[in-house]
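> Provided below are the primary sequence and the corresponding predicted coordinates.
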Amino acid sequence: MTYKTLSVSALLAIGTALPVHAQDYTMILAHTLNDTTHPLYQAFEKIAADIEAGSEGRIDVQHQPGGALGGDRELLESMLLGDIQFVPTSTSGAVQFVPEFAAFEIPYLFPTDTIRLRAILNDSAFTAALEEALEERGIHFGSFYNGGFRQLTTSSVAVRSPADISDNNLRIRVPENPFSVATWEAMGAAPTPIAFPELYGALQQGVVDGQENPFGHILSQRFYEVQTYLTTTNHILLANVNLINKEWYDSLPDDLQQVVDQALADAETFQWELQDEMLSEQRAAILEHMEIIDLSEDELAAFREATAPLQDMVRGQIGDELVDVLVSAVEAE
């Protein structure tokens, strides 16, 4: 027997001794972001890589970004049906499926301090209440990530007050939920629900005069190309929530559930830290293209006062209990 034959035999023996795992489970991870530099997008890529590595290939993660499988409504419907296993989405886009997410539609309630904010969202009685509500709807909760606070951008009017909005009859694009509509009606706008993938074209064609999104989304979607002014309203938190089909998650053996849980936890820390690090860079990048209008405390007070009735609207829709739990969590931090 030659040396070459011995080597091949040895390699074959080693190969048969190594554990080989088939792809036992498939996890489609689908969302609407397409900017690979966005902190949320990077977190989703990390989740996909970590789950595949941690499961040694037993979970095949198919990452489908950029709305390839549909907008928020289509993705959430598919997740609930089990056709898609994992949909990270904004709470605004999911209100129609999870009414409790209306709590995030109360303007100026959440603190901008990220240490406090992260504790409220992921480690509080509010967290536990939402997790229970999701479980009842067949959804496994995979924690909240920080998408940043929504800011107002406009094409031709520099906004410093709600009066600037109402006096100019500004048409503001809003997500497809009634609370966003009510918020901008309270500020004197003509709110116009438009699906997120269609927003750039609507701004470019003048269908709407402005929109509201965090710095990261304004950059990733290049809204600065079709908008002139950005007003730092900080009115609504864009909380990104990880929603997993519960039946699929429960079908995983304990060791693979631990792999998924660990990947989500690691990505949570990664995303929150990266979001903080990139915030000043995002603002500087926007400033190269747009005029940024920073509101004084007195100017912000006018926006708070105009939108104060939204809390009563939310309470009327989802009851006092969850809102009280959230308010208590905010005051406790």
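Structure received. Residues are numbered from 1 along each chain as shown.
> all strands for the stretch 1-150 of the chain, in order.
Along the stretch 1-150 of the chain, the segments classed as strands by DSSP state E, counting those that start in this stretch run 25-30, 59-64, 86-90, 139-149.
> Let me have these in JSON lines, extended by mean neighbour count and mean pLDDT.
Quick note: C-beta positions are derived from backbone N, CA and C, even for glycine. Shown next, in JSON lines, are these (neighbours: other CB atoms under 10 Å; pLDDT from 0 to 100):
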{"stretch": "strand 25-30", "mean neighbour count": "20", "mean pLDDT": "98"}
{"stretch": "strand 59-64", "mean neighbour count": "18", "mean pLDDT": "97"}
{"stretch": "strand 86-90", "mean neighbour count": "27", "mean pLDDT": "96"}
{"stretch": "strand 139-149", "mean neighbour count": "24", "mean pLDDT": "96"}
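> Tell me which residue is most central in this structure.
In the chain, the C-alpha nearest the mean C-alpha coordinate belongs to Asn240, at 2.4 Å (CA atoms, centre = their mean).
> Look up the closest residue to Ala285, ignoring the ones flanking it.
Leaving out its chain neighbours, the residue that sits closest to Ala285 by CB to CB, 6 or more residues apart in numbering is Leu219, at 5.8 Å.
> Run a quick neighbour tally on that neighbour.
By the criterion of other CB atoms under 10 Å, Leu219 has 21 neighbours.
> Just to check, it is in contact with Gln282?
Yes - contact criterion CB atoms under 8 Å: Leu219 and Gln282 qualify, at 5.8 Å.
> partner residues bridging the closest residue to Ala49 other than its chain neighbours?
Nearest residue to Ala49 in three dimensions, chain neighbours excluded: Val61, at 8.0 Å (CB to CB, 6+ apart). Residues in a beta bridge with Val61, per DSSP bridges, are Met27.
> helix or strand for the nearest residue to Gln221 once chain neighbours are set aside, which one?
Among residues not flanking Gln221 along the chain, Tyr200 sits closest, at 5.8 Å (CB to CB, 6+ apart). Assigned by DSSP states H and E, Tyr200 falls within helix 199-204.
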